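Chemist: after the sequence you'll find the predicted model.
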Amino acid sequence: MPARIKSLLVLLYQLFVFVVCYGIFAVLMAFAVPYVVTRSRTALIVAMSFAVSYGMLSRIYGAMDIGSRKSRSIVFSMMMILLFSDLIAHLFLSIMDITVVHGGHFVYEAPVLLVIAYIVQVIFVICAAFIGNDIFFAIFKPQKCVLIHAPDADTDLFVSKIETMKRQYEIIKAIPFDVNSLRKIAKAIDKADAVFIYGLPVSERSEIIGCAYRAKKDIYYNLEVDDVVATGGKMSSVVDTPVIFSPVKNNDLVFRFIKKITDLVLSFIGIIVLIPLFMIVSLAIKIEDGGKVFYKQPRITIAGRTFSLIKFRSMREEVGDIHRSVTENDDRITKVGRFIRKFRIDEFPQLFNVLAGDMSLVGPRPEMVENVKAYSRELPEFVYRQRMKAGITGLAQIYGRYNTSPKDKLMFDLMYIEQASIWLDIKLLLRTVLVLFTPEESTQAFRNN
């Protein structure tokens, strides 16, 4: 079945889910405010506020994109989208009723009905996500893929990642690249639906991309620095010659000013809001072993500057000077530490670093001094991360895991540096909320060697 038919069916299913979700909200709220289901200005404003919120949040969280993500991931995304969309639509409903119903007084309309509507919506999207994916994958079989890789590349980990999406992809053949095997590779590509390219230098990769492009196959390949630079560029021309213009990313004064003000305001608000949680976590740490509540560690930020990063102590106090990344079943972690690390609560005190100007809310994660030295020996381009102030969250924290390889984390960080904008910061901050509620994958530790 053509890809455009597949996309059309997914779009129609997404529209169906949107209509049902709004219908649940409107019908239940109509028990308190009948205007919301009649031909009225109130109904129009509430429907528009829900639709705009739903649409914008779908761009951030992904919405009901069946066929692309696992059902569980879709459900969590939809829960966030509906939570904010319901709250915004409900706020507009309450505002519209100030003059129509309540004679100039603001009344938060029927909050119990709002909670019931949200619960019903969540039950519906759980069913819609699982049933939708089941129907999709019953109709559309996995793409048959060929993997072209460097002869010395460790492909086992990469293949294992693809196999976690076995309903989307099926590796039918893996071929090590060799200039003498191009004909064999071309025949394998002709029989496949998609091509994965892994570990090849840009020059060799270009030959495979050209072959796959001619055969009209989907192409997936891991990023190198050249690719990241291109993502931050734009189409231009030198007279009549098309070129990619990739300016040096120093970020303009307006962006830096807004980012700084946002960091100060949101970090201050975050600290005030989280004071009760800070007190509970501090008490739990003290009760467990009587040690220090906070832990400070030297980290690297913009221009290679070192600062003291603040975290809730999650390890035994006597191992505080052993600066190495956490591994599976690490015996240094305390019982309280295991819980607060799982939900990233140990990271919350870094809001004080943001308020002090050492960090930003969004940016490349500040690495340990020892890791920077080690990674830079293998990846000289690792130093490029220091072109921007370190952040609490970023692309690597949203789309990667704790044990994501240093090179992949580097590519995420460089992509952020090249594409940095206020909109991207907002998107990443909102997605960070979702990561806090789905900790299983994002907090995976490094394996013991």
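Modeler: Structure received. Numbers count the residues shown, from 1 in each chain.

Chemist: for residue 95, give me its contacts.
Modeler: residue 106 (CB atoms under 8 Å, 6 or more residues apart in numbering). Glycine gets a C-beta too; all of them are placed from N, C-alpha and C.

Chemist: swap the cut-off to 10 Å and go again
Modeler: Listed by CB atoms under 10 Å, 6 or more residues apart in numbering, the contact set of residue 95 reads 42, 45, 46, 49, 106, 109.

Chemist: got a quick PyMOL command for the buried subset of those?
Modeler: This is how PyMOL selects the buried members of those, with burial counted by 16 or more other CB atoms under 10 Å:
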select buried, resi 42+45+46+49+109
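
Chemist: how about JSON lines for the contacts of residue 95, with pLDDT and distance to residue 224 added?
Modeler: JSON lines is the format used below for these (pLDDT from 0 to 100; distance: CB to CB, whole Å):
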{"residue": "42", "pLDDT": "87", "distance to residue 224": "54"}
{"residue": "45", "pLDDT": "94", "distance to residue 224": "49"}
{"residue": "46", "pLDDT": "94", "distance to residue 224": "49"}
{"residue": "49", "pLDDT": "96", "distance to residue 224": "44"}
{"residue": "106", "pLDDT": "78", "distance to residue 224": "55"}
{"residue": "109", "pLDDT": "80", "distance to residue 224": "54"}
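
Chemist: which ones among the contacts of residue 95 map onto helices?
Modeler: Members of those lying in helices (criterion: DSSP state H): 42, 45, 46, 49.

Chemist: touching, the third one and residue 96? I think so.
Modeler: Yes. With contact defined as CB atoms under 10 Å, residue 46 and residue 96 form a contacting pair (7.0 Å).

Chemist: now do the shared contacts for those two.
Modeler: 33, 35, 36, 40.

Chemist: and those residues, which are buried?
Modeler: Neighbour-count burial (16+ other CB under 10 Å) is assigned, among those, to 33, 35, 36.

Chemist: so who does the closest residue to the second one other than its chain neighbours touch?
Modeler: Just to be clear, that refers to residue 35. Of all residues not flanking residue 35 in the chain, residue 42 sits nearest, at 4.2 Å (CB to CB, 6 or more residues apart in numbering). By CB under 10 Å, 6+ apart, the contact set of residue 42 is 33, 34, 35, 36, 92, 93, 95, 96, 97, 100, 101.

Chemist: before we move on, back to that, kindly reformat the contacts of residue 95 as a markdown table containing distance to residue 147.
Modeler: Formatted as a markdown table, the contacts of residue 95 follow (distance: CB to CB, whole Å):
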| residue | distance to residue 147 |
| --- | --- |
| 42 | 56 |
| 45 | 52 |
| 46 | 50 |
| 49 | 47 |
| 106 | 60 |
| 109 | 56 |
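
Chemist: kindly indicate which of the contacts of residue 95 lies nearest residue 380.
Modeler: Comparing those against residue 380 with CB to CB places residue 49 closest, at 50.4 Å.

Chemist: what sits against that closest one?
Modeler: Contacts of residue 49 (CB under 10 Å, 6+ apart): 85, 88, 89, 90, 91, 92, 93, 95, 96.

Chemist: which SSE is the closest residue in space to the fourth one that isn't next to it in sequence in?
Modeler: Of all residues beyond its chain neighbours, the one nearest residue 90 is residue 114 (5.2 Å), with distances taken as CB to CB, 6+ apart. Secondary structure here is read from DSSP states H and E; on that basis residue 114 sits in helix 111-139.

Chemist: could I get the helix or strand just after that helix in CSV with only the CA atoms?
Modeler: Next along the chain after helix 111-139, taking DSSP H and E as the criterion, comes strand 143-149. Provided in CSV are the C-alpha atoms of strand 143-149 (Å, rounded to 0.1, in the frame of the first residue of the first chain):
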residue,chain,number,x,y,z
GLN,A,143,9.5,-2.6,6.6
LYS,A,144,12.0,-5.0,5.3
CYS,A,145,15.4,-3.4,5.9
VAL,A,146,19.0,-3.9,4.9
LEU,A,147,21.7,-2.8,7.2
ILE,A,148,25.0,-1.5,5.6
HIS,A,149,27.7,-1.0,8.2
